[in-house]
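Trainee: coords please:
(one chain, ligands or ions: 2)
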Amino acid sequence: MTQRFSFALHATDGKARTGMISTPRGEIRTPAFMPVGTAATVKAMMPESVRATGADILLGNTYHLMLRPTAERIDRLGGLHKFMNWDRPILTDSGGFQVMSLADLRKLTEEGVTFRSHVDGSRHMLTPERSMEIQKLLGSDIVMCFDECPALPAPRERIAESMRLSMRWAARSREAFGDRPGHALFGIQQGGDIEDLRGESAEKLRGIGFDGYAVGGLAVGEGQEIMFKVLDYAPGMLPEDKPRYLMGVGKPDDILGAVKRGIDMFDCVLPSRSGRTGQAFTRRGVVNIKNARHADDPRPLDESCSCPACSQYSRAYLHHVFRSQEIISSMLLTWHNLHYYQVLMQGIRDAIAAGRFDAFEAEFHAARAMGDI
Ligand SMILES: CNc1nc2c(CCNCC3CCCC3)c3nc(N)[nH]c(=O)c3cc2[nH]1
Ligand SMILES: [Zn+2]
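Mentor: Numbers count the residues shown, from 1 in each chain. Ligands and ions are numbered 1, 2, ... in the order given. A predicted model of the protein is given here:
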């Protein structure tokens, strides 16, 4: 077990890479999918179940945890790993993105963001310094810079101004983070869908120096076509010997396309959130288990899946417990979806190592074209 944070590339196939991030709390196989545990829990999952799906790392959320139960209380109780009974790596986002999408009465200045809690209306302020302090109190292993993420589409001036603010905040984040061996600080590239602004952002971040680099400012309404157009050049602007993390992505085909373009890490609420609504991801596409056609179907959700939902229950049962809004419905579909995502990531890692990523991608799309599921 290492006391340092490091990244090793094992194989590449075109721009796709597979490797390993080593941290004092464990290793992360890349490309990696990171389940989201917003309020110190991956909803409807026990931590040992999250691990059983194959996850090496999960996400915590500065914005939610600073409001409730507060970072100070979690620190007094021994930190987020102990608090939520997950002893492997945790990455926390810096909170800015969640403030802009969840909080009320937000005010953005050079200093930071003031806002009212969506929980109880109390007033709060997030700055690069406060975000670093909160993430340190939580004890997260990978800390994200405090940044501002504009919605797309947006005029060039707005994207440029926002990116330059984020780069000033990146420098303040680096300064406030200090020297914490075994913990990593990731910079976040901004610049929207404008190539020269993405380049300016990457240069600024490289000058400051980070343990990893995120491609931020995407999956904010621009659509897959524009996202892939940006990913055709943005990841390559970042150091190739450091992990590249595409924030908030995504659907299975988004992940494939982003790995193809050089991304190593992903997070998305989709598998867990859609699992709670009855949407099941399978190799042949999405199955909505609440649809009446499943009411008498004795077959498993996905006969090729080894998860508890598929190996021990029928579609008819899953349909029933969803229609009856039984708690087990969220447990089983969340487990299945997170398991599906981890099986997809393992397939991607193996394909890159075998130099057959393009074939893997073609098989993925062919399976989804097989119609009725
Ligand atoms: C869904 N699309 C999207 N998400 C983005 C996110 C959030 C990523 N997911 C965080 C977890 C979700 C809840 C707890 C932590 C982004 N975050 C930051 N800091 N900056 C972005 O540009 C940024 C951009 C993003 N785009
Ligand atoms: Zn399954």
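Trainee: contacts, neighbours, all on C-alpha from now
Mentor: OK.
Trainee: Past the helix or strand hosting Ser311, which element shows up next along the chain?
Mentor: Here Ser311, judged by DSSP states H and E, is contained in helix 308-312. Using DSSP H and E, the helix or strand that follows helix 308-312 in sequence is helix 315-323.
Trainee: where does the stretch 1-150 of the chain dip in pLDDT?
Mentor: Residues of the stretch 1-150 of the chain meeting the criterion pLDDT under 70: 1.
Trainee: can you map out the helices along it?
Mentor: 47-52, 62-67, 71-76, 80-84, 96-102, 128-138 (DSSP state H, counting those that start in this stretch).
Trainee: so who does Asp75 touch?
Mentor: By C-alpha atoms under 8 Å, 6 or more residues apart in numbering, the contact set of Asp75 is 137-139.
Trainee: do the longest helix seen in the chain and ligand 2 meet?
Mentor: In the chain, assigned by DSSP state H, the helix with the most residues is helix 327-353. Yes - looking at helix 327-353 against ligand 2 by C-alpha under 5 Å from the ion, the contacts come from His336.
Trainee: Just say helix, strand or coil for Ala280.
Mentor: In three-state terms, and counting by DSSP: H, G, I helix; E, B strand; the rest coil, Ala280 is strand.
Trainee: go on, the one 10 residues further on?
Mentor: Lys290 carries the three-state label coil when classified by three-state DSSP.
Trainee: Quick check: it touching Arg323?
Mentor: Yes - with contact defined as C-alpha atoms under 8 Å, Lys290 reaches Arg323; the gap is 6.4 Å.
Trainee: So for the two, which residue has more residues nearby?
Mentor: Each of Lys290 and Arg323 has its neighbours counted (other C-alpha atoms under 10 Å); Lys290 has more, 19 against 16.
Trainee: In contact with the more buried one: list those residues for me.
Mentor: 278, 319, 322-323.
Trainee: residues near Leu67, how many?
Mentor: That count, for Leu67 with other C-alpha under 10 Å as the rule, works out to 18.
Trainee: Pull the contacting residues for the closest residue to it other than its chain neighbours.
Mentor: Spatial nearest neighbour of Leu67, chain neighbours left out: Ser117 (6.9 Å); criterion: C-alpha to C-alpha, 6 or more residues apart in numbering. When contacts are counted by C-alpha under 8 Å, 6+ apart, Ser117 touches 67, 103-104, 123-124.
Trainee: Helix or strand for the closest residue to Glu129 other than its chain neighbours, just tell me which one.
Mentor: Closest residue in space to Glu129, ignoring its immediate chain neighbours: Ala176 at 5.5 Å, by C-alpha to C-alpha, 6+ apart. Using DSSP H and E, Ala176 sits within helix 156-177.
Trainee: Can you pull out the residues in contact with that helix?
Mentor: With C-alpha under 8 Å, 6+ apart, helix 156-177 has contacts from 110, 128-129, 132-133, 145-150, 185, 187-188, 190-192, 194, 197, 201, 204-205, 208.
Trainee: 7 Å instead?
Mentor: Residues outside helix 156-177 that contact it (C-alpha atoms under 7 Å, 6 or more residues apart in numbering) are 128-129, 132, 145-148, 150, 187, 190-192, 197, 201, 204, 208.
Trainee: Against ligand 1, how distant is Gln325?
Mentor: 24 Å (C-alpha to the nearest ligand atom, to the nearest Å).
Trainee: All further residue positions should be reported with the first residue as 614.
Mentor: Sure thing, new numbering starts at 614, so read that last one as Gln938.
Trainee: do you know how far that residue is from Thr890?
Mentor: 10 Å (C-alpha to C-alpha, to the nearest Å).
Trainee: Please identify which of the two sits among more neighbours.
Mentor: Thr890 (17 against 13).
Trainee: So which bits of this protein are right by ligand 1?
Mentor: 649, 651, 672-674, 706-707, 709-710, 760, 762, 829-833, 860-861, 880 (C-alpha under 6 Å from any ligand atom).
Trainee: Restricted to strands, list those residues.
Mentor: 672-674, 706, 880 (DSSP state E).
Trainee: can these go into TSV with extra columns for neighbour count and distance to Asp845?
Mentor: Listed next are those as TSV, based on neighbours: other C-alpha atoms under 10 Å; distance: C-alpha to C-alpha, whole Å:
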residue	neighbour count	distance to Asp845
Leu672	23	26
Gly673	25	29
Asn674	20	29
Asp706	24	25
Asp880	20	20
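Trainee: any idea which of these is closest to ligand 1?
Mentor: Of all these, ligand 1 sits closest to Asn674, with 4.2 Å by C-alpha to the nearest ligand atom.
Trainee: who's that closest one bridged to?
Mentor: Per DSSP bridges, the residues bridged to Asn674 are Asp706.
Trainee: wouldn't it be in contact with Asp706 here?
Mentor: Yes - judged on C-alpha atoms under 7 Å, Asn674 makes contact with Asp706 at a distance of 5.7 Å.
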